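Novice: Let's see this in three dimensions:
(chains A and B)
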Amino acid sequence: MIEALLQTLLNGAASGGVYALVALGYTLVFSVLGVINFAQGALFSVGGYLTFLLMGGKIGVNGALPGWGLPEGLPFWLALLLAAAGSGLIGLLVERLAFAPLRRRNAEPLLALITSLGAGVVLVNLLQLLMGAEGYAFPQSTDALAGLPDVLVLGGARIRTIQLLLLLISAAAVLVLSLWLDRSKGGRALRAVAEDATTAQLLGIHSEAMVRLAFFLSGGLAGLGGGLIGVSVSLPGPYFGIGYGLKGLAVLVLGGLGSVPGAIAGGLLMGLAEALVPSSASGWRDALAFAILFGVLLLRPSGLLGRRTVEKV
Amino acid sequence: MSQPLLEVRDLSRRFGGLLALDRVSLAVQPGEIFGLIGPNGAGKTTLFNLISGVTPPSSGAVLWRGAAITGQQPHRLNRLGLARTFQNLRLFEGLSVLDNLLVPLQRHPRTSTAAGVLNSASHRRAERQRLDTAWQLLEELGLSALAERQAGTLAYGDRRRLEMARALATRPALLLLDEPAAGLNPAEKDQLCELIGALRQRHQLTVMIIEHHVPLLMRLCDRLAVLDFGVRIALGTPEEVRRDPQVIEAYLGTGTGGNAS
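Specialist: I've put the predicted structure just below:
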């Protein structure tokens, strides 16, 4: 009983951590530009597939290069890190193609919702073209988790190692990012640009570079989430990131737009709530998630930890 | 005269059908306090926006120590030594007073991100130096008691001074002040006047100042330019400008130098 509960809570916290990663990605871009990057879910998929390939996975029969793959798989840690960086770079590309041209022309910021959605669709379809629509399971070798056993026994409870790693890695990423935003000079510059890009630029900050940094980090967080979920569950198809993207969006609104602690709290709440739904009723998980969102928004329209109003939109 | 610090040549800016600035030329000498006056809508803030790179000019040139800087990006101009404040304050309201200063100070001195990650000795020394500079500026502008407060919660006069401190933190050679006395009471205006003079001395500043309060300008400025409907109608010492018939007609009205704001 205790064992089952512990496992359930850990599962919940682990997926909550991933939701928080996605939501933080939205938050970074939102706070700097005041818009939502709808390609976030697609970048999540990209991260999952990149991790798969870097760990030595082979492209399936429906892909563009059937049977192709790296001759030698990289260790889990390295693959995850590189996949996150790769997703960050693709995030930069999304910025360049879907956001920068609109910004240069002083277009209505809302238009970026459409262009980023379009960029997301293109990315997902590219994935499908390259990798096929089939699902992929990660190569299950013993050293996939850098020599750690698949199952750990903690206080008498058997838990899957990957779930624990999921939680620890998301927590570490969130922690590092918050500290960086809070304490470092780069973080301070990003916050300044988020408040007022023109003024920051008049004070010697290269605002455009900070915007690009936000997109890189945001894409990296999504890619990290995708890689973690891929290793933990599997890759059910190129669209799998979209669901997480939407869930991240719900978490973002739940926690409060633009609030970093809100994104973390919202992610954990959402993950734990879902995990407490018994597996016999698993079809209700998403319904519960969005019911929580409705409930919270009825009571607190600006989200759990959101600021009163958001002027930028 | 020596080479001007800043020169604008035939600068024009058109917004749709409106010619906001019409071939304005002027030169600011190193060390002087240069005033800009003119009725509302005369193009004063537009001129500041063109000089500081916020808006590109439609035609004409801006020169910095004799070299063309027209149309350069604001952060580049700032790194050359040009800083400004805004008529309607633009502080980072969600950041603390101290952080408002640390944002521009992060380039003074410059350190690499890698040094920050490694928290190297040179990086720690630089951070210390930045904090020292920030506290010094807060001290100078009478804001040290407010360092930890969120900028958005400050009283109006304090915000004005914080914006000035923030501009100074970028180590400018030229400071553009857009109506720094707006909304201040007479006593505060007097203090501001002295403050600007003192800051010029201590920071070897050249100052360009837009102000509606004419007595303050007359007292403070070495030279003045008068704009009216985007055209520079006069330029000279306060005495010369005060006597200029075109200025009297366009702006001063009675010509007695009364409060025209």
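
Novice: Could I get the full set of strands for the stretch 151-261 of chain B?
Specialist: Using DSSP state E, counting those that start in this stretch, the strands of the stretch 151-261 of chain B run over residues B:174-178, B:206-210, B:223-228, B:231-236.

Novice: The last one versus strand B:223-228: what angle between them?
Specialist: With axes from the mean of the first three to the mean of the last three CA atoms, to 10 degrees applied, the angle from strand B:231-236 to strand B:223-228 works out at 160 degrees.

Novice: what's the offset of strand B:231-236 from the middle of its chain?
Specialist: Strand B:231-236 has its C-alpha centroid displaced from the chain centroid by 19 Å (CA atoms, centre = their mean, to the nearest Å).

Novice: Would you mark the buried spots in that strand?
Specialist: By neighbour count with 16 or more other CB atoms under 10 Å in any protein chain shown, strand B:231-236 contains the buried residues B:V231, B:R232, B:I233, B:A234, B:L235. (C-beta placed from N, C-alpha, C; glycine too.)

Novice: so for it, what's the average pLDDT?
Specialist: Across strand B:231-236, pLDDT averages out at 92.

Novice: Strand partners (parallel or antiparallel) of it?
Specialist: The sheet places strand B:231-236 alongside strand B:223-228 (antiparallel), with pairing taken from DSSP bridges.

Novice: now the partner strand against strand B:206-210, angle please.
Specialist: Our comparison of strand B:223-228 with strand B:206-210, counting by the same axes, to 10 degrees, yields an angle of 30 degrees.

Novice: Name the residues that touch strand B:223-228?
Specialist: Strand B:223-228 is contacted from outside by B:24, B:26, B:32, B:34-39, B:42-44, B:47, B:217, B:232-238, B:241, B:244, B:246-247, B:250-251, using CB atoms under 8 Å, 6 or more residues apart in numbering or on different chains.

Novice: Kindly give the local confidence score, pLDDT, for the residue positioned nearest the centre of chain B.
Specialist: For chain B, the residue nearest the mean C-alpha position is B:L176 (1.7 Å; CA atoms, centre = their mean). The predicted structure scores B:L176 at 96 on the pLDDT scale.

Novice: And for the one 3 residues further on?
Specialist: In this model, B:E179 is scored at 92, pLDDT.

Novice: Would you enumerate the residues in contact with the nearest residue to the residue nearest to the centre of chain B once chain neighbours are set aside?
Specialist: Once flanking residues are discounted, B:L176 sits nearest to B:R84: 3.7 Å by CB to CB, 6 or more residues apart in numbering or on different chains. For B:R84, the contacting residues are A:L202, B:F48, B:S52, B:A167, B:L175, B:L176, B:L177, B:D178, by CB under 8 Å, 6+ apart.

Novice: try 7 Å this time
Specialist: Contacts for B:R84 (CB atoms under 7 Å, 6 or more residues apart in numbering or on different chains) come out as A:L202, B:F48, B:S52, B:A167, B:L176, B:D178.

Novice: how about the residues of the stretch 101-250 of chain A that lie near chain B?
Specialist: Counting by CB under 7 Å from any CB of the partner chain, the residues of the stretch 101-250 of chain A lying close to chain B are A:184-186, A:188-189, A:191-192, A:195-196, A:198-206.

Novice: Among those, name the ones in helices.
Specialist: Among those, DSSP state H puts A:K185, A:G186, A:R188, A:A189, A:R191, A:A192, A:E195, A:T198, A:T199, A:A200, A:Q201, A:L202 in helices.

Novice: Tell me where the model's unsure across the stretch 201-313 of chain A.
Specialist: The model of the stretch 201-313 of chain A has pLDDT under 70 over residues A:307-313.

Novice: hey, where'd the helices end up in it?
Specialist: Along the stretch 201-313 of chain A, counting by DSSP state H, counting those that start in this stretch, helices occupy A:207-232, A:240-255, A:260-275, A:285-299.

Novice: What lies in contact with the last one?
Specialist: Residues external to helix A:285-299 that are found in contact with it (CB under 7 Å, 6+ apart): A:K247, A:A250, A:V253, A:L254, A:M270, A:A273, A:E274, A:V277, A:G303, A:L304.

Novice: For the residue lying farthest from the centre of chain A, list the residues it contacts.
Specialist: The C-alpha centroid of chain A is most remote from A:L202, which lies 32.7 Å away (CA atoms, centre = their mean). Applying CB under 7 Å, 6+ apart to A:L202 gives the contacts B:S52, B:P74, B:N78, B:R84.

Novice: which residue sits closest to it, ignoring its sequence neighbours?
Specialist: Distances taken as CB to CB, 6+ apart place B:P74 nearest to A:L202, at 4.8 Å, with adjacent residues excluded.

Novice: near chain A, which residues of chain B show up?
Specialist: So chain B meets chain A at B:52, B:54, B:73-75, B:78-79, B:84, B:90, B:92-95, B:99, B:102-104, B:106-107, B:113, B:116, B:166, B:170 (CB under 7 Å from any CB).

Novice: Give the buried subset of those residues as a ChimeraX selection command.
Specialist: Buried members of the residues of chain B next to chain A can be picked out in ChimeraX with the line below, counting by 16+ other CB under 10 Å:
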select /B:52,54,74,75,78,84,90,92,94,95,99,102,103,104,106,107,116,166,170
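
Novice: Give me the subset of the residues of chain B next to chain A lying in strands.
Specialist: When DSSP state E is applied, those are split such that B:R84 fall in strands.

Novice: any low-confidence regions in the stretch 51-200 of chain B?
Specialist: B:113-114, B:116-117.

Novice: for chain B, what's the longest helix?
Specialist: With residue count as the measure and DSSP H as the assignment, chain B has helix B:121-140 as its longest helix.

Novice: tell me which residues in that helix are buried?
Specialist: Those buried within helix B:121-140 under the rule 16+ other CB under 10 Å are B:H123, B:A126, B:E127, B:R130, B:T133, B:A134, B:L137, B:L138, B:E140.

Novice: burial measure for the residue nearest to the fourth one when sequence neighbours are not counted, as a count.
Specialist: Among residues not flanking B:R130 along the chain, B:L105 sits closest, at 4.4 Å (CB to CB, 6+ apart). Residue crowding around B:L105 was assessed by other CB atoms under 10 Å in any protein chain shown; the count is 28.

Novice: these two touch, right, B:L105 and B:A169?
Specialist: Yes - judged on CB atoms under 7 Å, B:L105 makes contact with B:A169 at a distance of 5.0 Å.

Novice: Find the residues that touch each one of these two.
Specialist: In the contact map built from CB under 7 Å, 6+ apart, the residues linked to both B:L105 and B:A169 are B:T133, B:A134.

Novice: for the buried residues of strand B:231-236, which one is nearest chain A?
Specialist: Nearest to chain A among the buried residues of strand B:231-236, counting by CB to the nearest CB, is B:R232 at 24.1 Å.

Novice: Quickly list the domain ranges of chain B.
Specialist: As recorded under automatic domain parsing, the domains making up chain B are B:6-81+B:172-252, B:93-155.

Novice: Can I get stretch A:170-181 in PDB? Just the C-alpha atoms.
Specialist: Listed next in PDB are the C-alpha coordinates belonging to stretch A:170-181 (Å, rounded to 0.1, in the frame of the first residue of the first chain):
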ATOM      1  CA  SER A 170      13.900  18.400 -14.000                       C
ATOM      2  CA  ALA A 171      14.400  19.700 -10.500                       C
ATOM      3  CA  ALA A 172      18.000  20.500 -11.200                       C
ATOM      4  CA  ALA A 173      17.200  22.200 -14.500                       C
ATOM      5  CA  VAL A 174      14.500  24.300 -12.900                       C
ATOM      6  CA  LEU A 175      16.800  25.200  -9.900                       C
ATOM      7  CA  VAL A 176      19.700  26.200 -12.100                       C
ATOM      8  CA  LEU A 177      17.500  28.300 -14.300                       C
ATOM      9  CA  SER A 178      15.800  30.100 -11.400                       C
ATOM     10  CA  LEU A 179      19.200  30.800  -9.800                       C
ATOM     11  CA  TRP A 180      20.600  32.000 -13.000                       C
ATOM     12  CA  LEU A 181      17.600  34.300 -13.600                       C
END
